Each structure stands twice: as structure tokens, then as C-alpha cells.
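Student: got a sequence here, can you model it:
(one chain, ligands or ions: 1)
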Amino acid sequence: MKHFSAKIITWYRQNKRDLPWRNTKDAYLIWLSEIILQQTRVDQGMAYYLKFAKEFPTIKHLAKADNDTVMKLWQGLGYYSRARNLHATAKILQNDFKGKFPDSYADILTLKGVGEYTAAAIASFAFDKPHAVVDGNVFRVLSRVFGIETPIDSSIGKKEFYTLANELIDKKMPGMHNQAIMEFGALQCKPVNPDCSVCCLNSNCYAFAKKVVQELPIKEKKTKVRNRYFNYIVFKYKGTTAIRKRVEKDIWINLHDFPLIETTKELTEEKLLASPEWKKMIGKTKYSIGSISSTYKHILSHQKIFARFIIVNSEQPLRSFLPEEIIIIKEMDIHKYAVPRLVDLFLEKEI
Ligand code: SF4
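Tutor: Okay, the predicted model is just below:
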């Protein structure tokens with residue numbers, strides 16, 4: 001289509017949201033915003049971006065921070081590997097790149113946690129390099145406007161969309177073009193029920209003409225979701241409780257939660273208390289059950305977590321029967337630790 005870029009840039013100038021990371025050419029701050037916005041909505045990510053930019057205004061500040069401070073600041077945003085990569089990369093930038101953000105697409109792509117989309121975003125927004133971004137918004141706009149039915153999650157589809165996106169990019173204003181097409185996808189060509197009657201591309205849009213807006217883009221595979229059942233044991237003894245740092249290769253690495261018994265299905269209270277895992281955890285300790293919470297449902301991209309919190313009042317000091325990797329703390333100190341959003345919700349509501 002002729003003038004595709006000019007049309008969306010004109011639309012963008014009139015409709016764009018005023019977002020803080022759009023008012024800077026500082027590659028570090030743009031990178032920060034891009035990592036925060038992976039898997040996160042703009043309205044949720046905004047407060048985190050502002051907190052991080054204030055606490056760590058430069059690569060050096062972030063590189064020098066300790067890991068627990070970074071994780072605590074990230075708390076509630078989910079997908080915690082992003083925070084770990086962000087911190088590790090800041091250290092590499094500080095030590096190997098003399099604290100300067102690389103300006104070539106190829107170098108940016110070597111950074112941990114940075115894929116093709118993020119590298120193109122940083123290279124174009126900060127350095128005006130002509131690399132097209134292709135995210136969910138771009139897939140949607142291109143598939144609808146140009147009538148592309150190749151699945152966006154197939155390797156052939158990805159190639160086709162990347163080629164087209166790079167042909168369409170405005171070489172003189174690649175940063176603006178990329179911002180414009182993403183914003184257009186987010187605000188105008190929305191996933192569900194876009195208002196095509198007011199769209200500046202409607203006279204050239206395949207999906208609008210053929211009435212297939214809701215059918216595009218096409219996806220090949222459905223994501224498989226695994227159900228997991230978490231039984232958290234919240235031990236209490238004279239103002240102390242027990243937590244652990246999650247170190248195994250699983251969700252929420254380096255965050256803290258309570259001792260956990262995971263089961264493959266929801267167990268009744270009787271079955272849980274009679275299970276070998278429960279006996280192993282409690283040993284011969286005398287205890288009483290304080291309460292059992294209702295089930296908290298927490299949805300991640302590939303997992304659904306169903307969690308219950310079981311308050312166990314122990315008659316013995318917790319250190320006397322819990323294994324070494326469990327940390328005994330004062331109950332009131334729990335707020336000093338970075339915990340998953342699920343645990344935070346429980347603490348807010350019930351503790
Ligand atoms: S006409 Fe509708 S489907 Fe086509 S680009 Fe505009 S909003 Fe999207």
C-alpha cells in the first residue's frame with residue numbers, strides 16, 4: 001500500500017499517548033521501559049518504570065544495586081526473569097561496555113533478555129536505526145490491512161511479517177514509524193471490535209473490505225496451560241514464621257514464599273494432613289491448624305496456580321524441626337522480602 005507509513009505517522013501525531021519513555025532518547029531508559037512492558041500493560045508498567053528510573057537513573061546505579069533491592073522494587077510485576085536479566089545486563093554494560101549502551105542492533109541483540117523485537121525497538125527509538133519492530137500489535141495490523149493469513153506463530157509466518165514490516169518502515173523516521181504502528185495496534189486496530197468506521201486505513205484495509213477483522217491474525221498453536229496446586233504452610237510460633245527463597249529452576253526464582261507442598265490435584269484437608277509430604281514437613285511436632293484460606297487463583301502464561309494457605313500454630317520453635325534451607329523470621333518482617341504477587345495478595349488480605 002502506498003503511503004502506509006505516512007498515514008500511520010499522521011495518525012500517531014494526533015492520537016498518541018504521552019508516555020514518559022517517549023520523551024527521551026536515552027537508550028538505557030528506553031531499554032528499561034521495553035523490558036518492563038514485555039508481558040505488561042502500559043497502565044500497570046508505568047508506576048514501575050517511574051520507580052526504577054528514579055531509583056536507578058543510570059546504568060551505573062542499576063549495576064551497583066543489590067539483587068534483593070531490584071527484586072523488591074519489581075515485586076508485583078510478574079515474570080521475574082526480566083528483573084534478573086535487567087540487573088545482570090546492567091552489570092555487563094557497566095563492566096564490558098564502559099557504562100554505555102551499545103548503538104548497533106547486532107550488539108543490542110546480544111544482551112540478556114533482549115530478543116529481536118526489543119533490539120529493534122531500542123535501535124530505532126534511541127538511535128534511529130531502520131529496524132522494524134514486530135510485536136503482537138504489529139502482527140495484527142499487518143495481517144488485517146494486508147490480508148495475510150499465514151499463522152503468526154509459524155516460522156514461515158514470522159519471516160513473512162518481518163520482511164513486510166521492514167519494507168514498510170520509513171527509513172528517515174524509523175523510530176517514529178515503529179512507535180506509530182505499535183500505538184495504532186494498541187489504540188485503533190484493537191484485538192476485539194476495533195472501530196473500523198473511523199480508521200484512517202479503512203479504504204485500504206483487506207480485513208475491513210472482506211469482513212474478516214475478527215478472524216485475523218491467525219495463530220497455529222494454542223498455548224497449553226498446566227494446572228498446579230500449591231498448599232502453602234504458614235507456620236507460626238511466638239511471633240515467628242518460616243519462609244524460603246525459591247532457588248529451583250521454576251517460576252519466581254529468588255523470590256520468597258512459604259514452605260510448600262505441591263500436589264497434582266486439589267486435596268481435601270484430611271487427605272493433605274494424611275499425606276507423606278505433610279508428615280515429612282511436620283515430623284513429630286505438636287501443632288494445631290489455625291485456619292485454611294480459600295483458594296487463590298493465579299494465572300501465568302503457561303500455568304494456572306491454585307493456592308491455599310494453611311496456618312499452622314506450632315508448639316515447638318520452628319528451627320527445631322524445619323530444614324536448614326527454611327528461613328525463620330519475625331512475622332512482622334515478612335514485608336521486607338520480595339514475594340510473588342500471589343503471596344502478597346494473601347498477606348494483604350489475611351495477615
Ligand atoms: S479498518 Fe479496522 S481492521 Fe483495518 S486497520 Fe483499521 S481498525 Fe484495523
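
Student: what mean pLDDT would you report for the longest helix seen in the chain?
Tutor: Taking DSSP state H as the assignment, the helix of the chain that covers the most residues is helix 81-96. Mean pLDDT, helix 81-96: 94.

Student: what helices and strands are in contact with it?
Tutor: For helix 81-96, the elements it packs on are helix 27-37, helix 59-64, helix 67-74, judged by 3 or more CB pairs under 8 Å, 6 or more residues apart in numbering; DSSP states H and E. The way it works is simple: take the backbone N, C-alpha and C, and place the C-beta from them, glycine included.

Student: report the buried residues of that helix.
Tutor: Arg82, Ala83, Arg84, Leu86, His87, Thr89, Ala90, Leu93, Gln94 (16 or more other CB atoms under 10 Å).

Student: quick one: the fifth one and Lys72 touch, right?
Tutor: Read that as His87. No: taking contacts as CB atoms under 8 Å, His87 lies outside contact range of Lys72: 11.9 Å.

Student: give me the number of residues near whatever residue of the stretch 201-350 of the chain ends up closest to the ligand?
Tutor: Closest residue of the stretch 201-350 of the chain to the ligand, CB to the nearest ligand atom: Cys205 (3.2 Å). Using other CB atoms under 10 Å, Cys205 is surrounded by 21 other residues.

Student: which residue, other than its chain neighbours, is closest to it?
Tutor: Using CB to CB, 6 or more residues apart in numbering and skipping the chain neighbours, the partner closest in space to Cys205 is Val145 (5.0 Å).

Student: helix, strand or coil: sort out the one you found for me.
Tutor: Classification of Val145 using DSSP: H, G, I helix; E, B strand; the rest coil returns helix.

Student: do you have the strands of this protein handy? List them.
Tutor: 226-236, 240-245, 256-257, 260-263, 287-292, 296-299, 303-314, 326-330 (DSSP state E).

Student: show me what the fifth one is packed against.
Tutor: In other words, strand 287-292. Using 3+ CB pairs under 8 Å, 6+ apart: strand 287-292 touches helix 269-274, strand 303-314.

Student: give the other helices and strands that the last one contacts.
Tutor: Packing contacts for strand 303-314, counted by 3+ CB pairs under 8 Å, 6+ apart, involve strand 226-236, strand 287-292, strand 296-299, helix 341-350.

Student: could you identify which of the ones you listed is most buried?
Tutor: When you average the neighbours per residue for each of these (mean count of other CB atoms under 10 Å), strand 226-236 leads with a mean of 19.

Student: quick check: neighbours of that one in the sheet, parallel or antiparallel?
Tutor: Sheet pairing here is set by DSSP bridges, and for strand 226-236 it gives strand 260-263 (antiparallel), strand 303-314 (parallel).

Student: return the most buried member of those strands.
Tutor: Of the strands paired with strand 226-236, strand 303-314 is the most buried (mean count of other CB under 10 Å), at a mean of 19.

Student: would you confirm that Gln39 contacts Tyr80?
Tutor: No: between Gln39 and Tyr80 there is no contact under CB under 8 Å: 11.0 Å.

Student: give me the more crowded residue out of the two.
Tutor: The neighbour count for Gln39 versus Tyr80, taken as other CB under 10 Å, is higher for Tyr80 (19 against 13).

Student: the ligand contacts on this structure?
Tutor: 144-145, 188-189, 194, 196, 199, 201-202, 205, 207-208, 213 (CB under 6 Å from any ligand atom).

Student: and with 8 Å instead?
Tutor: For the chain, the contact set with the ligand under CB under 8 Å from any ligand atom comprises 140-141, 144-145, 184, 188-190, 194-196, 199-202, 205-208, 213, 216.

Student: ok, of the residues you listed, which come out buried?
Tutor: 140-141, 144-145, 184, 188-189, 194, 196, 199, 201, 205-208, 213, 216.

Student: which stretches of this structure have low pLDDT?
Tutor: 1-2, 351 (pLDDT under 70).

Student: how is it divided into domains?
Tutor: 4-215, 226-350 (automatic domain parsing).

Student: which of the ones you listed sits most buried?
Tutor: Comparing those by mean count of other CB under 10 Å gives domain 4-215 as most buried, with a mean of 17.

Student: and the end-to-end length of that one?
Tutor: One end of domain 4-215 to the other measures 22 Å (CA to CA, to the nearest Å).

Student: how far is it from where the chain is centred?
Tutor: Chain-centre distance of domain 4-215: 13 Å, with CA atoms, centre = their mean, to the nearest Å.

Student: if we can go back for a sec, quick check: neighbours shared by His87 and Lys72?
Tutor: Common contacts of His87 and Lys72, defined by CB atoms under 8 Å, 6 or more residues apart in numbering, are absent altogether.

Student: right, and Lys265 touches Asn231 too?
Tutor: No: counting by CB under 8 Å, Lys265 stays clear of Asn231, with 11.4 Å between them.

Student: if we can go back for a sec, next, the angle from the longest helix of the chain to helix 67-74.
Tutor: Helix 81-96 runs at 130 degrees relative to helix 67-74, counting by axes from the mean of the first three to the mean of the last three CA atoms, to 10 degrees.

Student: only alpha carbons, please: show helix 81-96 as PDB.
Tutor: What follows is helix 81-96 as a C-alpha-only set of coordinates in PDB (Å, rounded to 0.1, in the frame of the first residue of the first chain):
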ATOM      1  CA  SER A  81      13.400 -13.400  35.000                       C
ATOM      2  CA  ARG A  82      13.000  -9.900  33.400                       C
ATOM      3  CA  ALA A  83      14.300  -8.300  36.600                       C
ATOM      4  CA  ARG A  84      17.200 -10.800  36.900                       C
ATOM      5  CA  ASN A  85      18.200 -10.200  33.300                       C
ATOM      6  CA  LEU A  86      17.900  -6.500  33.700                       C
ATOM      7  CA  HIS A  87      20.200  -6.400  36.700                       C
ATOM      8  CA  ALA A  88      22.700  -8.900  35.100                       C
ATOM      9  CA  THR A  89      22.800  -6.900  31.900                       C
ATOM     10  CA  ALA A  90      23.300  -3.600  33.700                       C
ATOM     11  CA  LYS A  91      26.400  -5.100  35.300                       C
ATOM     12  CA  ILE A  92      27.700  -6.300  31.900                       C
ATOM     13  CA  LEU A  93      27.100  -2.900  30.400                       C
ATOM     14  CA  GLN A  94      28.900  -1.200  33.200                       C
ATOM     15  CA  ASN A  95      31.900  -3.600  33.100                       C
ATOM     16  CA  ASP A  96      32.300  -4.500  29.500                       C
END
